[in-house]
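Participant: Pasted the sequence and its predicted model underneath.
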Amino acid sequence: IMARYAARYPDRIRNISTGGNLGVSANYQHCFREAAGNHVAILEGDDYWTDPDKNARQADFLASQPEAGAVFSRIELFDMAKNSHRVLKRQNNLPPLVTGDHFARNQHLNLIVNFSSMMFRRSILLGLPSSIYHPRLSEIALAFYLDRNGKIGFIDKVMGVYRLNPSSVWTGADQMGQLEQAIATRAGALAVARPVYHAVIRQRMLEKQQQLQALQTPAFLRQSG
């Protein structure tokens with residue numbers, strides 16, 4: 001299907017498939033290297049954009065805000081298991097330009113949540129350190145890295161839908177798996193964040209580690225302890 005569309009619209013679509021499964025992080029690295037424009041927008045496989053002007057609006061934002069290395073928009077969450085829609089409350093009342101401080105004050109350390117809501121300056125993506133891709137590229141680590149280089153733009157408008165897919169890497173994981181991922185992504189953020197944020201990131205890591213430890217402790221020990 002992709003090859004057919006690329007042949008039909010060669011000025012708009014380029015098939016850069018490798019013919020194999022690279023994994024999440026290696027796939028991002030491959031795509032970022034292949035990107036040819038000044039800006040890069042991501043649309044992950046489970047998601048879809050709802051605003052036909054999404055990319056134009058975000059490109060205009062970056063043109064008007066040179067200190068922003070990237071911009072994200074509000075998202076709507078579609079829970080496939082419950083067949084329900086909701087907006088993300090943690091994105092309420094954000095200013096047009098946010099910094100690492102806004103992320104540090106959020107209990108999840110994550111105001112972006114979904115890469116499909118974002119547009120980046122390509123130069124930023126090409127300069128990402130290799131460590132940020134391990135164990136996988138996450139919105140948390142990327143936000144704190146962007147904070148080192150400037151600010152992050154925010155457009156207070158829903159422009160796409162994040163599909164909560166029961167078979168996806170995050171939504172499909174059990175509670176223990178999600179906690180393990182959460183600890184790993186916060187460790188990744190710690191590696192790239194400015195020192196002023198280290199204490200709060202460590203604290204959030206500790207909270208997740210304690211939750212994981214509680215799950216790993218046999219029930220009879222939890223009851224007696």
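Facilitator: Sure thing, it's come through.

Participant: who are the neighbours in contact with the residue sitting nearest the centre point of the chain?
Facilitator: In the chain, the C-alpha nearest the mean C-alpha coordinate belongs to residue 139, at 3.1 Å (C-alpha atoms, centre = their mean). Contacts for residue 139 (C-beta atoms under 8 Å, 6 or more residues apart in numbering) come out as 110, 112, 113, 114, 115. For glycine as for every other residue, the C-beta is placed from the backbone atoms N, C-alpha and C.

Participant: Of those - the most surrounded one?
Facilitator: residue 112 (25 neighbours; other C-beta atoms under 10 Å).

Participant: what helix or strand does it sit in?
Facilitator: Counting by DSSP states H and E, no helix or strand carries residue 112.

Participant: same check, this time on residue 16
Facilitator: Assessed by DSSP H and E, residue 16 sits outside every helix and strand.

Participant: residue ranges for the strands of the protein, please.
Facilitator: 39-41, 48-49, 68-79, 84-87, 97-98, 118-121, 151-164 (DSSP state E).

Participant: from those, which stretch is densest packed?
Facilitator: With neighbours defined as mean count of other C-beta atoms under 10 Å, the strands of the chain peak in mean count at strand 118-121, which reaches a mean of 23.

Participant: Mind listing what's buried along stretch 185-203?
Facilitator: 185, 186, 188, 189, 190, 192, 193, 197, 200, 201 (16 or more other C-beta atoms under 10 Å).

Participant: Out of the strands of the chain, the one nearest residue 129 is which?
Facilitator: Judged by C-beta to C-beta, the one of the strands of the chain that comes nearest to residue 129 is strand 68-79, at 14.2 Å.

Participant: Now do the closest one against strand 151-164, angle only.
Facilitator: Interaxial angle, strand 68-79 versus strand 151-164 (axes from the mean of the first three to the mean of the last three C-alpha atoms, to 10 degrees): 20 degrees.

Participant: Partner strands of strand 68-79, with direction?
Facilitator: Paired neighbours of strand 68-79 in the sheet (DSSP bridges): strand 84-87 (antiparallel), strand 118-121 (antiparallel), strand 151-164 (parallel).

Participant: worst-scoring helix or strand of the chain, pLDDT-wise?
Facilitator: Ranked by mean pLDDT, DSSP states H and E, the weakest helix or strand in the chain is helix 219-224, scoring a mean of 51.
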